[in-house]
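S.K.: Provided below for reference: sequence and predicted model.
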Amino acid sequence: MELIGYLGAIIMGLTLGFIGGGGSILTVPILVYLFHVDTVQATAYSLFIVGLTSLVGSVSHLKQNNIDWRSVRMFGLPSVFSVFITRTYLVKLIPDYMFSIGSLHVNKSLFLLILFAVVMVFAAYSMIKKPKYTEIEEVHVPNNILLIAQGFFVGEITGLVGAGGGFLIIPALVIMADLPIKRAIGTSLVIIAINSLIGFLSNHAGMQASAWGFMLKFFGVAAFGILAGSQLSKKISGERLKPAFGWFILVMGSFIIIKELFIK
């Protein structure tokens, strides 16, 4: 199982390198089902792993001048604030035991896992549907208000479920900030890195030494994947692979919902 888990880490990194988002959505399921990490702890691990992996992936985009720093500020600052508030206060406010429906007892771990699976389904839909944007867009004035609002929303999702939110960030940057797709991908990786690392730092107290070793090992494998994905993206269009990966994410999200709610 551990070997399959590290293979999943490579796939996660490859996907981030190819399409700038989506890969991080795999991290929590890999940690929970293949490494048997508690869901709440897995969201913290995911923030660390996704943050560092995205940071590595953004380096090649920095060299190619594919990062729009104005969008990083406009989208990233509200997003960082939202992540910090969510990890510092909101996650801690969720009770360990929430409610029961018949024989189903919903605790904090199950709630976050189901919420994560629902986010996976929406992420899958975002990847499967044909994008409304193309490489060449008509020039329009960037919508700063919507960009800031989207930043707050993505930050809350990142803080709650430990996913980077690239599947939400990239369309927002293309449509609301008027960025070409390649520049949106590079900018997205920087925002994901900042959000994830801030989220982790705001809620990492009590982390054991063994956990740090595991996270660094997972990150090392994922970093190899993202570097390979960044190189391959120069030869293969990420848009061609996105729908196929979207179907894979849809199957994964549906599996989690069915397994956790209906199969005991």
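M.R.: Ah, there it is.
S.K.: so I194 touches P78, yeah?
M.R.: No - I194 is beyond contact range of P78, at 11.7 Å (criterion: CB atoms under 8 Å). Quick note: C-beta positions are derived from backbone N, CA and C, even for glycine.
S.K.: Secondary structure element for L112, which one?
M.R.: Assigning secondary structure by DSSP states H and E places L112 in helix 108-128.
S.K.: Just checking, which helix or strand succeeds that helix along the chain?
M.R.: Towards the C-terminus, the helix or strand next in line after helix 108-128, according to DSSP H and E, is helix 144-161.
S.K.: Check the offset of the helix or strand of the chain with the lowest mean pLDDT from the chain's centre.
M.R.: Of all the helices and strands that make up the chain, helix 166-176 has the lowest average by mean pLDDT, DSSP states H and E, namely a mean of 77. Average the C-alpha atoms of helix 166-176, do the same for its chain, and the two points are 13 Å apart (CA atoms, centre = their mean, to the nearest Å).
S.K.: Which parts of the protein are helices?
M.R.: Counting by DSSP state H, the chain forms helices over residues 2-19, 27-29, 39-63, 69-85, 91-93, 108-128, 144-161, 166-176, 181-201, 209-232, 238-262, given from the N-terminal end onward.
S.K.: quick one: A149 from M74, how far?
M.R.: Between A149 and M74 the computed distance is 11 Å (CB to CB, to the nearest Å).
S.K.: I meant V83, not that one.
M.R.: Distance from V83 to M74, by CB to CB: 16 Å.
S.K.: Pull the number of nearby residues for M120.
M.R.: The burial metric for M120, expressed as a neighbour count using other CB atoms under 10 Å, is 27.
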